[in-house]
Every structure is written in C-alpha cells, then in structure tokens.
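Asker: Whatever this is, show me its structure:
(one chain, ligands or ions: 1)
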Amino acid sequence: MKQRTIQQPVESIGIGLHKGLPVTLRLEPLEDDMGIVFYRKDKAVSIELNKDFVVDTQMATVIGKNGVVVSTIEHLMSAISAFGIDNLRIVIDNDEVPIMDGSSISFCLLLKQAKIRTLQKPKKFLKIKSNVEVKHDGKYARVLPSDDIVFDFKINFNHPAIGEQHLVYNFSTQSYIEQIAKARTFGFLKEIQYLRSQGLALGGSLDNAIVLDDKKILNDNLRYDDEFVRHKILDAMGDMRLLGYNFIGRYEASASGHYLNHLLTKKIFSSDAHYEIVEFVDEVKEFEFAYGY
Ligand SMILES: [Zn+2]
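Answerer: Residues are numbered from 1 along each chain as shown. Just a heads-up that it's a prediction; the model follows:
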C-alpha cells in the first residue's frame, strides 16, 4: 500500500466550539513523507502533527508551538485517519478547527470531494507489538497486538439517557463513514453553563453537540442508539493518529478521554518493544482494502 494525499485543495467554513468565531479550513495536498502539517495562516506558523506538540488535553486535543495553538483537532484527525491520509497541509485562520456538526462527517465529505491521490512511496503503519496500558481514576486505555484494527470502548455514565454502552468496532473506511463518523460530541447543560462563564463553549449549541440536562437529551433525536460510545471511538481514532501513523492493533478503553489517550501514545513510544513501523509492499492488500471506500 502506498502513501496518500488528496488530489486537489478543498475549503470549508465553520465556527470554533470555544470562541464561537468563524474559521476557514483549507486542506492542501503534500508529497511523500511530508506528514500532516497544520498551518496557522493568521500567524504564519506551521505545526507538524506530533505527540510532542500536544499542549493541552483537558477539553479537546490541542497542539501548539511557540505559543501558537490549534485546538480541537481530534475530529478532523479521526477523518484523516479513516481515509488513510499520510501527507496533508491543514490551513486555518484561527486557533480552533471548526466544530461543524460536532461529528467528523463534514470532514469525511470534504476528503471525498478532494479525492484521494496515491503517492509513490510505501505507506508506513505503526504496529503494536506488546500490551501497553495507562490508568487513571478507575479509567483505562490500552493497546494490544493484533493483525486487525479494532476499537473496543466502554462507557458508564450515571445518567438515564446514557448508562452503560459498549462497542467493539472493526475498522474500515466504509464502516467508519456509516457507523462512527456521524456520532456527535456531547455535553451536560450544567458543565456548559460553567464553561460559558469561563468564556468557553461560546460556539456550542444543539446544532453541534448532544446536550443533556439531569434527566434527558435536549436534542430532538439521536443518530445512533449508542451515539455516545460511538463518538468516544471517533475521538480515540483521532487521538491515536497522533502516533504519526495509521495504527494496527487493538485499542481498548473504559471511560478514556483525550488526556489518557495522549498518555497512551507517549507510553507506546517509551520503548521500542511496544511497536514496530511496518510497510506492506508485495503482501496481501488487506489494509488497502480496509482503506477503500
Ligand atoms: Zn469529540
């Protein structure tokens, strides 16, 4: 399987979740081995996608360099991961990736519109070689060796509209678009009110998040019965793309979020025994198949 970029530049406009300001997002092709690079047009600063540039994981995954940040990258990164894109320039003119509808479906449609271009060099994958686990506060995230790409996520919220949800998801681009990409982010009214008092979540609304009060969902309907756990898988796929490669292995988590996912990526890189970088040159094209749509 070869590296991928897009055929032509594409552009979209949305608002940032936290500041509520308009943002223009433009995706541009890059050549072999150039990686995923964010470019803050308003500051003329480039930030390569790299776990070492993660500067905050509290509300969203944020990368930054010399005080210039790009916030809420996880949904866009999830779509980029699902389409197997290796090289891409992401140009934005503000400090947040637009929230769109709170899921990654708009980014998937944008990548479809741009069309995939296959490059010359072999695509590199990060393959998990041994179990790696991080834990915090009764939550965990871990990876295990596997020849497949699997995300196994459990959540248990003490809330009548969420409760316990568990999904084992076998990745392919097509199944991602159908089963994961439309799952929206969610938040609790109480927390949103607090965030607003702190000048955050100013762009948040029922148009870009599932919002819950103490008893129920305030939106008209859900897109999947278990939309909450599906969104956690969407996030995890975006966060795991911070490894710098598409990943091969089994990811398992209970109640994990951006913070634990980030600790997990750092721990994976803490020893060569945890992973290897692999290419599929003449072998069965099973991963090429998974990345078709
Ligand atoms: Zn999310």
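Asker: quick one, what contacts Ile36?
Answerer: 48-49, 77, 80, 85-88, 90, 241 (Cβ atoms under 8 Å, 6 or more residues apart in numbering). The way it works is simple: take the backbone N, C-alpha and C, and place the C-beta from them, glycine included.
Asker: my bad, should have said Ala209
Answerer: Ala209 neighbours (Cβ under 8 Å, 6+ apart): 99, 102, 184-187.
Asker: nearest spatial neighbour of it, skipping sequence neighbours?
Answerer: Nearest residue to Ala209 in three dimensions, chain neighbours excluded: Gly102, at 4.7 Å (Cβ to Cβ, 6 or more residues apart in numbering).
Asker: on that earlier part again, closest to the ion out of the contacts of Ile36?
Answerer: Met77 (10.4 Å; Cβ to the ion).
Asker: With just CA atoms, put the helix or strand where that closest one lies into PDB.
Answerer: Taking DSSP states H and E as the definition, one finds Met77 inside helix 74-82. Extracted C-alpha coordinates of helix 74-82, given in PDB (Å, rounded to 0.1, in the frame of the first residue of the first chain):
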ATOM      1  CA  GLU A  74      -9.400  15.300  17.100                       C
ATOM      2  CA  HIS A  75     -12.500  15.100  14.800                       C
ATOM      3  CA  LEU A  76     -10.600  16.200  11.800                       C
ATOM      4  CA  MET A  77      -7.700  13.800  12.700                       C
ATOM      5  CA  SER A  78     -10.200  11.000  13.100                       C
ATOM      6  CA  ALA A  79     -11.500  11.500   9.500                       C
ATOM      7  CA  ILE A  80      -7.900  11.800   8.200                       C
ATOM      8  CA  SER A  81      -7.000   8.600   9.900                       C
ATOM      9  CA  ALA A  82     -10.100   6.800   8.500                       C
END
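Asker: Residues contacting the helix or strand that that helix is followed by, please?
Answerer: On the C-terminal side of helix 74-82, the nearest following helix or strand under DSSP H and E is strand 88-92. With Cβ under 8 Å, 6+ apart as the test, strand 88-92 has contacts from 5-6, 23-30, 36-41, 70, 76, 80, 97.
Asker: Can you tell me which residues in the stretch 151-293 of the chain are near the ion?
Answerer: Residues of the stretch 151-293 of the chain lying near the ion by Cβ under 5 Å from the ion: 185, 235.
Asker: pLDDT wise, what is the residue lying closest to Phe280 once chain neighbours are set aside at?
Answerer: Distances taken as Cβ to Cβ, 6+ apart put Met1 closest to Phe280, at 5.1 Å, once the chain neighbours are dropped. On pLDDT, Met1 comes in at 89.
Asker: got the contact list for Met1?
Answerer: Residues near Met1 by Cβ under 8 Å, 6+ apart: 84, 122-123, 279-280, 285, 287-288, 291.
Asker: Repeat that for Leu222.
Answerer: Ile210.
Asker: Roughly how far does it sit from the ion?
Answerer: 16 Å (Cβ to the ion, to the nearest Å).
Asker: Repeat that for Ile268.
Answerer: 21 Å.
Asker: likewise Leu144?
Answerer: Counting by Cβ to the ion, the separation of Leu144 from the ion is 23 Å.
Asker: In the stretch 51-200 of the chain, mark out all the helices, start to finish.
Answerer: Ranges of helices in the stretch 51-200 of the chain, per DSSP state H, counting those that start in this stretch, are 74-82, 105-114, 173-179, 189-197.
Asker: check whether the longest one contacts the ion.
Answerer: No. Helix 105-114 is not in contact with the ion by Cβ under 5 Å from the ion; minimum separation 12.1 Å.
Asker: Can you list the low-confidence ranges for this protein?
Answerer: The chain contains residues with pLDDT under 70 at 282-286, 293.
Asker: Quick check: which helices or strands does the longest helix along the chain pack against?
Answerer: Using DSSP state H, we find that the single longest helix of the chain is helix 227-240. Under the contact criterion of 3 or more Cβ pairs under 8 Å, 6 or more residues apart in numbering; DSSP states H and E, helix 227-240 touches helix 74-82, strand 149-157, strand 163-170, strand 186-188, strand 246-254, helix 258-268.
Asker: could you redo the last one with a cut-off of 6 Å?
Answerer: Counting contacts by 3 or more Cβ pairs under 6 Å, 6 or more residues apart in numbering; DSSP states H and E, helix 227-240 packs against helix 74-82, strand 149-157, strand 163-170, helix 258-268.
Asker: quick one: buried residues of that helix?
Answerer: By 16 or more other Cβ atoms under 10 Å, the buried positions in helix 227-240 come out as 227-240.
Asker: Nearest residue to the middle of this structure?
Answerer: In the chain, the residue lying closest to the centroid (Cα atoms, centre = their mean) is Gly238, at 1.8 Å.
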